[in-house]
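J.: Here you go, sequence then predicted model.
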Amino acid sequence: MTPSENAHEVSRLEVFYDGACHLCSREIEHYRKIDREGALRLVDISLPTFDAGSLGVDPVQVQKEMHVRRGHEIFVGVPAFMEIWKCFPGYRSLVPFAQSPLIMPILNVGYWAFAKIRPLLPRRKVDSCDTGTCAR
């Protein structure tokens, strides 16, 4: 890897998402389609090969709420989505609006409610996996 490729890899936003969650997967697929610059590194936490500890995230918390990481800084919940939005020109303008004192509490409550019910939602079937020993 060249120094410039290495710098790009370090600057990419790591997005930890649940690939077995229908809604989560749809949203991530949308971001994947618009990520023409390779700003995101998408990490599917539903895969049996996912190792939270080796990636520096709490294995219990990453299953409960959206996490993203840029360098050594981790963002959770609504702030995680805002970090994703900052990667795309069409979404950047949403960040100041979302951070406003009137909107941020509403977004936090909405996301908190979704995070609580997400484990109860139907899961996608995993057809294959890297290890060949999928249990899901």
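T.: Yep, that arrived. Numbering: from 1, shown residues only.
J.: switch to C-alpha atoms for all contacts and neighbour counts from now on
T.: Noted.
J.: Can you show me the strands along this protein?
T.: Taking DSSP state E to define them, one finds strands in the chain at 13-17, 40-44, 67-70, 73-76.
J.: In terms of secondary structure, what does the second one contact?
T.: Here strand 40-44 touches strand 13-17, going by 3 or more Cα pairs under 8 Å, 6 or more residues apart in numbering; DSSP states H and E.
J.: so who does the nearest residue in space to R41 that is not next to it in sequence touch?
T.: In this structure, R41 finds its nearest non-sequential neighbour in E14, 4.6 Å apart by Cα to Cα, 6 or more residues apart in numbering. With contacts defined as Cα atoms under 8 Å, 6 or more residues apart in numbering, E14 is in contact with L40, R41, L42, V43, V68, R69, R70.
J.: mind checking how far E14 is from H22?
T.: 20 Å (Cα to Cα, to the nearest Å).
J.: quick one: contacts for R69?
T.: Counting by Cα under 8 Å, 6+ apart, R69 makes contact with L13, E14, V15, F75.
J.: quick one: which of those has the most company?
T.: Within those, neighbour counts (other Cα atoms under 10 Å) peak at V15, which reaches 24 neighbours.
J.: Tell me the predicted confidence for that residue.
T.: The score at V15 is 98. That number is its pLDDT.
J.: Identify the bridge partners of the closest residue to it other than its chain neighbours.
T.: In space, and not counting its chain neighbours, V15 is closest to V68: 4.5 Å by Cα to Cα, 6+ apart. V68 forms beta bridges with V15, F75, as assigned by DSSP bridges.
J.: and V68, how far is that from R92?
T.: In terms of Cα to Cα, V68 sits 16 Å off from R92.
J.: When these two are compared, which one has more neighbours?
T.: V68 (28 against 15).
J.: Next, work out how far apart the more buried one and F81 are.
T.: Noted for V68: a distance of 8 Å to F81, by Cα to Cα.
J.: ditto for E14
T.: Per Cα to Cα, E14 is found 12 Å from F81.
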